[in-house]
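Kindly generate the corresponding structure for this input.
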Amino acid sequence: MSFVQDNTHRVHLDELVTQVRTAIQEQLGIDMQRVQIREHFLSHQCDQKVVLHEVMWDLVGIIAVAKTTCIVSTEQGVSMDPKNTSVYIDAVKRRTSTHGRVQSTLKSNQKQARCRARAQES
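Numbering: from 1, shown residues only. Alright, predicted model coming up:
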């Protein structure tokens, strides 16, 4: 589980699920469904970098949908839908804010790891 926790912020959770599912099948002979593995990971993951990473991926999907619905084609031409445009802009702002929090969390975790390493060397 520490591998998953240490790498979830680097790799999309679905890719980790794929890798773990294959390993479980090959090494233990257990056939688990992808959704079971994903739910298991998420039920144990309260680490901030994991949660924020998942939020960022959710926002990517929301941004993509909102972006496609901003432009409206009519007989008069092309126009912007104000409601969907505000949803798009809000989602982009939230993703940017979340990205900043992820970066801050990663830097904090790296700093803590360096402090622990120095303490062990002493």
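
Just list what the helix or strand hosting Ile89 packs against, helices and strands only.
Element membership for Ile89 (DSSP states H and E) is helix 82-121. On a contact count with 3 or more C-beta pairs under 8 Å, 6 or more residues apart in numbering; DSSP states H and E, helix 82-121 meets helix 48-70. C-betas here are computed from N, CA, C, even on glycine.

can you give me how far the helix it packs on is from the chain middle?
With C-alpha atoms, centre = their mean, to the nearest Å as the basis, helix 48-70 stands 8 Å off its chain's centre.

Just checking: what are the partner strands of the next helix or strand after it?
Sequence order places strand 71-74 as the next helix or strand after helix 48-70, per DSSP H and E. For strand 71-74, the pairing partners within the sheet under DSSP bridges are strand 77-80 (antiparallel).

Output the strand it pairs with as PDB - backbone C-alpha positions only.
Extracted as PDB, the C-alpha positions of strand 77-80 are listed here (Å, rounded to 0.1, in the frame of the first residue of the first chain):
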ATOM      1  CA  GLY A  77     -23.500  32.500 -35.900                       C
ATOM      2  CA  VAL A  78     -21.400  31.400 -33.000                       C
ATOM      3  CA  SER A  79     -21.900  32.800 -29.500                       C
ATOM      4  CA  MET A  80     -20.700  32.100 -26.000                       C
END
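
number of nearby residues for the closest residue in space to Arg94 that isn't next to it in sequence?
The shortest distance from Arg94 to any non-neighbouring residue, by C-beta to C-beta, 6 or more residues apart in numbering, is to Leu59 (5.8 Å). Neighbours of Leu59 under the rule other C-beta atoms under 10 Å: 20.

The one 10 residues further on now?
For Thr69, the neighbour count with other C-beta under 10 Å is 14.

do the same with Leu106
The number of residues near Leu106, taken as other C-beta under 10 Å, comes to 15.

how about low-confidence regions in this protein?
Along the chain, the parts satisfying pLDDT under 70 run over 1-10, 44-50, 109, 122.

Outline the domain layout of it.
1-45, 46-122 (automatic domain parsing).

For the residue nearest to Arg94, list the residues it contacts.
For Leu59, the contact set (C-beta atoms under 8 Å, 6 or more residues apart in numbering) comprises Ala91, Arg94, Arg95, Thr98.
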